[in-house]
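> My questions are about this predicted structure, shown below with the sequence.
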Amino acid sequence: MKELPKMRQLKMRVEEGNIAILTFDIPEKLNALGPDAHEDMHDFLDFVESENEIRVAIITGAGEKSFTSGMDVSQFVGEPDPNAPLVIFSANRFKEAADRVENLNKPVIAAINGYCIGGGVELSMGCDIRIASENAVFKLPEAGLGIIPGAGGIQRISRMVGVALAKELALTARKMGAQEAYEKGLVNKVVPLSDLMDEAMKWARQMAKQAPLALQLDKVAANTATDTDRHTAAVMESLMKYILEETEDAQEGPLSFFEKRPANFKGR
């Protein structure tokens, strides 16, 4: 495994040789994310994507108070430059990172502690599994700042649990607690804060045992199911199954079952 990328502002580590963990750790700003943090996220995703040994990623926040409070709005405060050219669409590295998380070739777990605000909601909705601590709070505050979510949050919530809830959260900017988020389908499980990372690691270990290519195409199939019509999605799922049947891992899985031993998947 190559050396871990040097982080500008965030922290990353590898646990048990195959689980990569990215931690938002900017306590003075409740883990609000600015340009340096955005680049750290891309470096982390580059590493996870390219390293065969890494099977699962976890994204979390340091401490008890905040997963991430979203974009660092301090970068937008101040008088606009009247001589600056008008830019209708600018590069949004955070949105690019959230999109990459959703389409990454490996599973990503969000371990959500405390405030999950704005971009935090959008990023977590791009993850494959969301585990929330009991003190987690979800909110889309953008309308109160004169903007709207810009990293795909409204679309992801609409596809995941329905347009009605997406509109409710975006239009009211109200807070939603962890238990309600679970009941509405926004998170997979709620646990005490003290158990959050243990629970995330438990899920990660279980995923890491599975065949990597199968996990990758499971993600593609699930994402396709919400992005296209039912017939097209079903055809694509069948094609992916046939592709996997020709891999070495598809031979190793049944063989390990009959030999009553753990499978030794290679990702090929």
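Arrived safely. Note that this is a predicted model, so its numbers are computed, not measured.

> give me the low-pLDDT residue ranges for the stretch 1-150 of the chain?
73-91 (pLDDT under 70).

> same check, this time on the stretch 151-268 of the chain
Within the stretch 151-268 of the chain, no range satisfies pLDDT under 70.

> residue ranges for the strands of this protein, please.
Secondary structure of the chain by DSSP state E: the strands cover 11-15, 19-24, 56-61, 66-68, 108-112, 115-117, 129-133, 137-139, 176-177, 189-191.

> Can you point out the buried residues in the first one?
Read it as strand 11-15. 12, 14 (16 or more other Cβ atoms under 10 Å). The C-beta positions use only the backbone N, C-alpha and C, and glycine is treated the same way.

> on that earlier part again, just send the strands of the chain back as JSON lines, with distance to Tyr242 too.
Shown next, in JSON lines, are the strands of the chain (distance: least, Cβ to Cβ, whole Å):
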{"stretch": "strand 11-15", "distance to Tyr242": "34"}
{"stretch": "strand 19-24", "distance to Tyr242": "30"}
{"stretch": "strand 56-61", "distance to Tyr242": "26"}
{"stretch": "strand 66-68", "distance to Tyr242": "39"}
{"stretch": "strand 108-112", "distance to Tyr242": "26"}
{"stretch": "strand 115-117", "distance to Tyr242": "39"}
{"stretch": "strand 129-133", "distance to Tyr242": "27"}
{"stretch": "strand 137-139", "distance to Tyr242": "40"}
{"stretch": "strand 176-177", "distance to Tyr242": "42"}
{"stretch": "strand 189-191", "distance to Tyr242": "33"}
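
> Deepest-packed of those, please.
strand 66-68 (a mean of 30; mean count of other Cβ atoms under 10 Å).

> which outside residues touch that strand?
Residues outside strand 66-68 that contact it (Cβ atoms under 8 Å, 6 or more residues apart in numbering): 24, 30-33, 60-61, 110-117, 119-120, 123-124, 136.

> do that again at 10 Å, thanks
Applying Cβ atoms under 10 Å, 6 or more residues apart in numbering, the external contacts of strand 66-68 come out as 10, 24, 26-27, 29-33, 37, 59-61, 110-124, 130, 132-133, 136-138, 196.

> Hmm, Leu196 is touching Thr60, no?
Yes - using Cβ atoms under 10 Å, Leu196 makes contact with Thr60 at a distance of 7.5 Å.
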